[in-house]
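Asker: quick check, what structure comes out for this input:
(chains A and B)
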Amino acid sequence: RKEVEQDPGPFNVPEGATVAFNCTYSNSASQSFFWYRQDCRKEPKLLMSVYSSGNEDGRFTAQLNRASQYISLLIRDSKLSDSATYLCVVILYGNKLVFGAGTILRVKS
Amino acid sequence: GAVVSQHPSWVICKSGTSVKIECRSLDFQATTMFWYRQFPKQSLMLMATSNEGSKATYEQGVEKDKFLINHASLTLSTLTVTSAHPEDSSFYICSAQYGSTNEKLFFGSGTQLSVL
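Answerer: Below is the predicted model of the structure:
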């Protein structure tokens, strides 16, 4: 089983739609969780951290479910500019980030 | 904000040659830098952790003699792909940590290596 698993998609949604991604992780000792965004052949950029209490940043909401070992990302009112690959990232130990393979989002007008 | 510069962005080389990729933290000191490799439609895979002034720590399955890492200063780490072959063609990306929190991790813009 992979350490971090994501549905690769692609998720094709119209502008204005709400879309949600899930990500599961295998190591229950994982401490920190993040969502990154990566555009084609560009560096990943931190979108938001994920906490057990959940956190929201504008149109983006992230949740962590430790019991079920998954994290989620909800995007409301999708914009064309949201089209990208969304990477689930888990810190297993030390400062080593383990990346999921990413979920592709395509927002269309 | 903190910036990490990675050069070159693109490299095309013949099989058997060596390629050096530089990763610089421009406005902060990074005691630890990380090197990743990403094949098409796959996740970023950590290759090694580069520590200033000491030997790099390689992940399982990564050949340390093929992927030479040097972290000679607090602002520069280099990855040299020695005797590159077509299967080494990939997107290589570095990251540098600013401070002690994981949220302060900045990525270089990546290097696309194509070995003919």
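
Asker: what stretches of chain A score poorly on pLDDT?
Answerer: Chain A contains residues with pLDDT under 70 at A:93-95.

Asker: got the residues of it near chain B?
Answerer: Chain A has residues A:4, A:8, A:32, A:34, A:41-46, A:49, A:87, A:91, A:95-102 near chain B, with proximity defined as C-beta under 8 Å from any C-beta of the partner chain. Glycine gets a C-beta too; all of them are placed from N, C-alpha and C.

Asker: in strands, which of the residues you listed appear?
Answerer: Counting by DSSP state E, those place A:Val4, A:Ser32, A:Phe34, A:Lys45, A:Leu46, A:Ser49, A:Leu87, A:Ile91, A:Leu97, A:Val98, A:Phe99 in strands.

Asker: quick one: the fifth one and A:Gln38 touch, right?
Answerer: In this case it means A:Leu46. No: with contact defined as C-beta atoms under 8 Å, A:Leu46 does not reach A:Gln38; the gap is 10.7 Å.

Asker: rewinding a little: as a markdown table, the ones in strands among the residues of chain A next to chain B with neighbour count would be great.
Answerer: Conversion of these to a markdown table gives the following (neighbours: other C-beta atoms under 10 Å in any protein chain shown):
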| residue | neighbour count |
| --- | --- |
| A:Val4 | 23 |
| A:Ser32 | 17 |
| A:Phe34 | 22 |
| A:Lys45 | 13 |
| A:Leu46 | 17 |
| A:Ser49 | 17 |
| A:Leu87 | 25 |
| A:Ile91 | 17 |
| A:Leu97 | 22 |
| A:Val98 | 21 |
| A:Phe99 | 23 |
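
Asker: between those residues, which is closest to chain B?
Answerer: In terms of C-beta to the nearest C-beta, no member of those lies closer to chain B than A:Phe99, at 4.4 Å.

Asker: hey, what's that closest one bridged with?
Answerer: Under DSSP bridges, the beta-bridge partners of A:Phe99 are A:Val89.

Asker: ok, now which ones touch residue 92?
Answerer: All of this is about chain A. Contacts for A:Leu92 (C-beta atoms under 8 Å, 6 or more residues apart in numbering or on different chains) come out as A:Glu3, A:Asn27, A:Ala29, A:Ser30, A:Gln31, A:Val98.

Asker: the intended chain is chain B.
Answerer: B:Ile21, B:Trp35, B:Tyr36, B:Arg37, B:Gln38, B:Leu79, B:Val81, B:Gly110, B:Thr111, B:Leu113.

Asker: for it, which non-adjacent residue is spatially closest?
Answerer: Closest residue in space to B:Tyr92, ignoring its immediate chain neighbours: B:Thr111 at 4.7 Å, by C-beta to C-beta, 6 or more residues apart in numbering or on different chains.
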